[in-house]
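**Student:** Give me a model of this one.
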Amino acid sequence: MRMSRRGTVAFLMLIVLTSPTVSAHGANSFAFIMREGSIQPGSAEVVQNDTLIFYNVASQNRTIILDGDSDNTTEYECITSSMNSSSTDDECRLWLDPQNWSAGNYQIEIFSNSSLWNVLNFSLLEDIHNESGPPPGYSFGGVENDVKSEAASTSYMAPLGLIAVIVILAMVIRRK
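**Tutor:** This is a model prediction of the structure:
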């Protein structure tokens, strides 16, 4: 089944025109390395939905504690073993779920042998997605942007797309 050049172009145009436009970013990982005498980096700026990963490359266990709202209640605690390349016991992961973690400045306390070893400061930025649609309050052709007009404008789009696909397929089959 071979398509003509015009059929291929028409098919690709249809895909491009019917694809939704969205702009977003993926979740990232931000790594911290806990060495014998320091942590690198010493501070960070991360975005909600990112994951903080703590790698312990020291010869002693480390305990990571985060009191997110300064109410003396620990929201996150993880214990890493001493450096071990054969397992993941020497690392901790903290996913900054936007539903649980709001934008702001946080301090992570890291303990070694039950005493405070280091304090890590990080800024958590809000996860903002920019929509590529029309600005708020925009109306096309003087039509008010209420629920009825939105429903009416989208109700005919699905059948038109289906008709376009059927027409293109019919053209391709007819050329064969």
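**Student:** Can you work out which other helices and strands pack against the longest strand seen in the chain?
**Tutor:** In the chain, assigned by DSSP state E, the strand with the most residues is strand 115-125. The helices and strands touching strand 115-125, judged by 3 or more CB pairs under 8 Å, 6 or more residues apart in numbering; DSSP states H and E, are strand 43-47, strand 104-112. C-beta coordinates here come from the backbone N, C-alpha and C atoms, glycine included.
**Student:** Alpha carbons only: can I get the shortest one in CSV?
**Tutor:** To tie it back to what came earlier, the one meant is strand 43-47. Coordinates of each C-alpha in strand 43-47 appear next as CSV, following Å, rounded to 0.1, in the frame of the first residue of the first chain:
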residue,chain,number,x,y,z
SER,A,43,21.9,25.0,47.8
ALA,A,44,19.4,24.6,44.9
GLU,A,45,16.5,26.1,43.1
VAL,A,46,14.0,23.5,42.0
VAL,A,47,10.5,23.3,40.6
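**Student:** Among the helices and strands packed on strand 115-125, which comes closest to Thr88?
**Tutor:** The closest approach between Thr88 and any of the helices and strands packed on strand 115-125, judged by CB to CB, belongs to strand 104-112 at 18.0 Å.
**Student:** Would you list the strands that the helix or strand Tyr55 falls within pairs with, along with their directions?
**Tutor:** Element membership of Tyr55 [criterion: DSSP states H and E] is strand 51-56. The sheet places strand 51-56 alongside strand 29-34 (parallel), strand 91-95 (antiparallel), with pairing taken from DSSP bridges.
**Student:** Can you list the buried residues in it?
**Tutor:** Going by neighbour count (16 or more other CB atoms under 10 Å), the buried part of strand 51-56 is Leu52, Phe54, Tyr55, Asn56.
**Student:** Out of the residues you listed, flag the one nearest to Phe11.
**Tutor:** Taking CB to CB as the measure, Phe11 sits nearest to Leu52 out of the buried residues of strand 51-56, at 44.6 Å.
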